[in-house]
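Visitor: sequence below, structure please.
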Amino acid sequence: MTETEIPRGAGQVRRFRISRQGHGAARPRVEEFEVAVGPDASLLEALREIRSHQDRSLTLRYSCCHGSCGTCGMRVNGHEVLACVTPLASLGAGPVVVGPLANARVEHDLVVDMRDLYDHLEPAQRPLVRQDERLAGQEGNPPGPAFARYEDCIECGLCVSACPIAGSDPLYLGPAALAAAWRTVQEPRGADPSSVLAWVDDEQGCWRCHASFECTEVCPSGVDPAGATMALRRELTRRKLGQITRRGRHRP
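Guide: Purely as a prediction, here's the structure:
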């Protein structure tokens, strides 16, 4: 038995209501499970217990098991969390309602397609976590060991799932991309901040945000995407006011 496994029959019995949806299915269904958990069990440990001993077809994504990789993002009792660092004790005594992240295509059960998130991150000109080995040491990027982490963002997608605008406007760049864009402006590392600012200066860019700060609330890494979006607005406003002032000075 590994340290992340729960002894069968040990601890308190908890009920789970899990969203199940096959690839291409029109709508999800909810299935209930009960599992005995230890007092310090995490949500991920409970889900792994269900998958190992009750339903091998339950599909979920996880890797590091300590809140670093961001792959186990999901919605639990209506809130975005990383399952591996979410204690069951923090979720109350009632049934635990588990579903996939919102604002993304469901591949199967709790696994969503992350390609839209990655596609929005790449124009921000920041190295993605999954690209670090390939980019480390290349021109414009500092040398470093393989898989060196460049940013606090772990590309988990929780911020996009929580964003009310991302749920209603598929063209919106989204909080993860805007946070990455602001990081580029702060520290270009060979990138072109002006082109990134031009990219976000759009009705589907930083001006589309309604400043609900839901993205910042759920971010497990303290990136503050909402604050970054407001910083982009300030920087764009500052530059535009500077252009107006310069034109006024040179007016005959």
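
Visitor: how about residue 106: which residues does it bridge to?
Guide: With DSSP bridges applied, residue 106 shows beta-bridge pairing to residue 112.

Visitor: wait, it touches residue 22, no?
Guide: No. When contacts are counted by CB atoms under 8 Å, residue 106 is not listed as touching residue 22 (9.1 Å). In this view, the C-beta of every residue, glycine as well, is placed from N, C-alpha and C.

Visitor: those two: which is more packed in?
Guide: Under the criterion of other CB atoms under 10 Å, the comparison of residue 106 against residue 22 puts residue 106 first, with 22 against 14.

Visitor: now do the most centrally placed residue in the chain against residue 215, distance only.
Guide: In the chain, the centroid-proximal residue (CA atoms, centre = their mean) is residue 157; its distance is 2.0 Å. According to CB to CB, to the nearest Å, residue 157 stands 11 Å off from residue 215.

Visitor: please apply the same query to residue 238.
Guide: Per CB to CB, residue 238 is found 23 Å from residue 215.

Visitor: more neighbours: the two, which one.
Guide: Neighbours were counted for residue 238 and for residue 215 using other CB under 10 Å; residue 215 has more, 30 against 10.

Visitor: and that one, what element?
Guide: Assigned by DSSP states H and E, residue 215 belongs to helix 214-218.

Visitor: off-centre distance for that helix?
Guide: From the chain centre to the centre of helix 214-218 is a distance of 10 Å (CA atoms, centre = their mean, to the nearest Å).

Visitor: report all helices and strands that that helix contacts.
Guide: strand 79-82, helix 158-162, helix 225-249 (3 or more CB pairs under 8 Å, 6 or more residues apart in numbering; DSSP states H and E).
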